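next input, structure requested:
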Amino acid sequence: MSVRAVGHNIASRASIAATILALLALLATTSFGASVHAASNNTAHSSTSVADAAPHRLKAVFIVGPTSSLTQSNLNDAESLAQVAESYGMDVRRVFFPHATWANVLANIQGANLVVYMGHGYGWPSPYTKVLTESRQDGMGLNTFDGSGPTQYTYYGANLLKQYVKLAPNAIVFLNHLCYSAGNGEPGMTIPGYDLAAQRADNMANAWLAIGAKTVFAYGSQLFVKSLHALFDTDNSMEDIFRLPGAKPTEYYGWVGWDARHYNSVRTPGATMFFDPSQKEGFYRAVSGDLTMTASEWKNGPESPAAPNMGTLDVSTDGGASLVGSNMPVFTPNGDGATDTVSFNYTTNKETFVDWQVQNSGGTVVRSFTSWTQGTGGSAEWDGKKDEGTYVGDGTYTISATPSSRAGNAGDPVTATVKVLTTMAHPASSANLFYASDGDSLAQNTTFSVTLTQPATFSWVVVDKNNNVVRTNLTNAVTGAGNLTWQWNGKDESNAYVPDGTYYSVMTAATSAGTYSQRVAVDARAFSLTPATAGPFTRGAKVKFTVYSAEPLISTTPKPKIRVTLPGLAAKTYTTTKQSDGGFYVTVTFTATAQAGTAQFHVTGTDTGGQAQFTDYSYQLN
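A predicted model of the protein is given here:
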């Protein structure tokens, strides 16, 4: 199936794009009166008046998917609009072919005030499906993978937008050059009647309106440049902007007025659709949503301009590092994948921008950035880098978070302190699951490793889940920089095998900057068993469990079995299914007739040496 983007009058579109680009020099030197600011190095300490407030930069995301021969002209059109948006001070994100993947869209689109999408439009009703399929339809056609060609694309439909994307309140979406979006089908198809056109436009706008957009413009060929100017230079309503006159060569490059009609949305109750068709060409212009919203309401958002309130920052990491003798959060940003970031979670009473600043112990701001939340709460992350992209040095850093409204009115800042220590790098274990206590030659040990980036006083032990030391390798040893390894055979200080369980390689390094520990978990048992969702479990639920074997299993019975005993019921044995990664999975039903209590799991298998193995687990059942 091939769904082509609208391709009428491509030569005319290219000439218009060239004209717009020629005007950009003038735009760049023109003052539009829109006061904006980027993340600043000056922390606000109190609320400011509306008159003194500097509005936050509105975020615009331009997405261009692969569209065969039309890809380059779409890129040209999107770039011309992006430059106009930047001239008004918008925070512009370009997600352009061949990098317009779903992952890149998700990394940029959250909280956007303006979304411009140019690409394939797979809408409904269409000749390709008898029923609306929102896993693929009425969304976006994007690069299948980063760098895929102009004819290779994957549809991400309305359901995925609704599940994963949240726009800023009162956001505007502009769908350009998409089939089905304004009512027409594809080039060569019969011009539809109003009812079919309304159904197509209604379906295409529905997901965008559901994720925060207030108005969705759909233009077959006309660019959005006049509308974008009107959003900043006037206080017109969305309908007034839709009615702006256009320019030749075709009548549908602006208001037509031949037989314009309003329709009430079926898919989005309360929304209005407005169609401005061409008598000869059909439905190339439509707008859906709240047509009474004004340009200032778009810029200012639905909330009051008053300063928001922000709760205390909750600072967290992956838990792999801890500061000795202090509860201060510590993380180790060095690019090794272990505790490289620190997260900040907070609560707010409304839609909120948060200006973040990171200061070193001397009071110098080393990093500034801005985040946004829809309301009630949000989060941000610091990767330990300065503004110029290099990692900060070891030391104590103060994080300041200043909440403000879209209008720029700032509330009281909230602060937190974190420690950066990077003496240890790449902590690892050669085997995260091994089984030495059966005494055979399979999976007898694991090798712990770490790299010291500078001399330190170093200690190295293995502890159990309760932090009891079961084996010691080094204690306060003066150690130079370099790689260190330690092979552990699963035995404790008395040379006895430790009981089945999870253990931790704990490395502690002390320097003048501070003393901290990093830990790596390892399982000493025949089988690991991991539920897809954490317990306790509810009777009547179905839960997927994943099994890994420490030792290779005999070829005649290569799949582990799990005997599950639920309180009050007879035991039931499940046979697992092999996964591509070498593990196994099974879905267990916690029968509704079981009693509340402890569910017992007995995992069994036979290793290649012919020795039967087992590991027991238990879970609370409510």
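
how much space between Lys419 and Thr591?
Distance check for Lys419 against Thr591: by Cβ to Cβ, to the nearest Å, it reads 49 Å. Bear in mind the C-beta positions are built from the backbone N, C-alpha and C, glycine included.

er, Ala338 I mean
41 Å.

just Met310 next, same as before
For Met310, the distance to Thr591 - Cβ to Cβ - is 47 Å.

more crowded one of the two?
Legend: neighbour count by other Cβ atoms under 10 Å for Met310 and Thr591, higher for Met310 (23 against 15).

once you drop chain neighbours, what's closest to the more buried one?
Nearest residue to Met310, sequence neighbours excluded (Cβ to Cβ, 6 or more residues apart in numbering): Pro403, at 4.1 Å.

check which helix or strand the one you found maps to.
Under the criterion of DSSP states H and E, Pro403 resides in strand 395-404.

and the angle from the helix or strand following that strand to strand 395-404?
Downstream of strand 395-404, the next assigned helix or strand under DSSP H and E is strand 414-420. Strand 414-420 and strand 395-404 are oriented at 150 degrees to each other (axes from the mean of the first three to the mean of the last three Cα atoms, to 10 degrees).

got a list of what Ser371 touches?
By Cβ atoms under 8 Å, 6 or more residues apart in numbering, the contact set of Ser371 is 353-354, 356, 378-380.

list the beta-bridge partners for Ser237.
Thr294 (DSSP bridges).

what about the stretch 101-250 of the chain, any weak spots by pLDDT?
247-249 (pLDDT under 70).

which parts of it are helices?
Secondary structure of the stretch 101-250 of the chain by DSSP state H, counting those that start in this stretch: the helices cover 102-109, 158-164, 194-210, 225-233, 238-242.

out of the ones you listed, nearest to Phe275?
helix 194-210 (6.3 Å; Cβ to Cβ).

show me what counts as buried in the closest one.
By 16 or more other Cβ atoms under 10 Å, the buried positions in helix 194-210 come out as 196-209.

which strands and helices sit next to that helix?
Contact here means 3 or more Cβ pairs under 8 Å, 6 or more residues apart in numbering; DSSP states H and E; on that basis helix 194-210 packs against helix 158-164, strand 171-176, strand 213-219, strand 261-264, strand 272-275, strand 285-289.

one more time with 7 Å, if that's ok
Packed against helix 194-210, as judged by 3 or more Cβ pairs under 7 Å, 6 or more residues apart in numbering; DSSP states H and E, are the following elements: helix 158-164, strand 213-219, strand 272-275, strand 285-289.

which of these is buried the deepest?
Mean neighbour counts were compared across these using mean count of other Cβ atoms under 10 Å; the top stretch is strand 285-289, at a mean of 28.

show me where the stretch 451-600 of the chain has its strands.
456-463, 469-479, 482-488, 501-511, 514-524, 527-531, 542-549, 561-565, 572-575, 577-578, 584-589, 597-606 (DSSP state E, counting those that start in this stretch).

how about these in CSV, adding mean neighbour count?
Conversion of these to CSV gives the following (neighbours: other Cβ atoms under 10 Å):
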stretch, mean neighbour count
strand 456-463, 20
strand 469-479, 14
strand 482-488, 14
strand 501-511, 20
strand 514-524, 21
strand 527-531, 18
strand 542-549, 18
strand 561-565, 18
strand 572-575, 13
strand 577-578, 12
strand 584-589, 18
strand 597-606, 18
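
which one, of those, ends up nearest to Asn159?
strand 542-549 (21.9 Å).

just the C-alpha atoms of the closest one, please, in CSV.
Provided in CSV are the C-alpha atoms of strand 542-549 (Å, rounded to 0.1, in the frame of the first residue of the first chain):
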residue,chain,number,x,y,z
LYS,A,542,-2.0,-13.0,35.1
VAL,A,543,1.7,-12.2,35.5
LYS,A,544,4.6,-12.9,33.1
PHE,A,545,7.7,-14.3,34.7
THR,A,546,11.2,-14.5,33.2
VAL,A,547,13.7,-17.2,34.1
TYR,A,548,17.4,-17.4,33.5
SER,A,549,19.6,-20.4,34.2
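
what about the closest residue to Gln454 other than its chain neighbours, distance to Ser517?
Leaving aside its sequence neighbours, Gln454 sits nearest to Ala481 (Cβ to Cβ, 6+ apart; 5.3 Å). Distance from Ala481 to Ser517, counting by Cβ to Cβ: 18 Å.

now do the same contact list for the closest residue to Ala158 other than its chain neighbours.
Distances taken as Cβ to Cβ, 6+ apart place Ala207 nearest to Ala158, at 3.5 Å, with adjacent residues excluded. Shown in contact with Ala207 (Cβ atoms under 7 Å, 6 or more residues apart in numbering): 138-139, 158, 161-162.

okay, and the beta partners of Ala118?
Quick fix: residue 118 reads Met, not Ala. So, taking DSSP bridges as the rule, Met118 has Val64, Asn176 as bridge partners.

let me fix that: Ser343
Beta-bridge partners of Ser343, counted by DSSP bridges, are Ser316, Glu381.

and for Arg261?
Arg261 has these beta-bridge partners by DSSP bridges: Phe275.

these two touch, right, it and Tyr194?
Yes - at 6.3 Å, Arg261 and Tyr194 qualify as touching, with contact defined as Cβ atoms under 7 Å.

for Ala60, give me the pLDDT.
Predicted confidence (pLDDT) for Ala60: 97.

equivalent analysis for Ala54, please.
In this model, Ala54 is scored at 78, pLDDT.

number of residues surrounding it?
Around Ala54 there are 16 other residues, counting by other Cβ under 10 Å.

also Leu228?
The burial count for Leu228: 22, using other Cβ under 10 Å.

who's in contact with it?
81, 84-85.

export the contacts of Ala207 as TSV, with columns for distance to Glu388.
Shown next, in TSV, are the contacts of Ala207 (distance: Cβ to Cβ, whole Å):
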residue	distance to Glu388
Asp138	42
Gly139	37
Ala158	41
Leu161	35
Lys162	38
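
so which of these is the closest to Thr347?
Minimum distance to Thr347 across these is 24.5 Å, recorded for Lys162 (Cβ to Cβ).

can you tell me how far the closest residue to Leu566 other than its chain neighbours sits from Tyr574?
Of all residues not flanking Leu566 in the chain, Ala594 sits nearest, at 3.9 Å (Cβ to Cβ, 6+ apart). The span separating Ala594 from Tyr574 equals 15 Å under the rule Cβ to Cβ.

okay then, goodbye and thanks.
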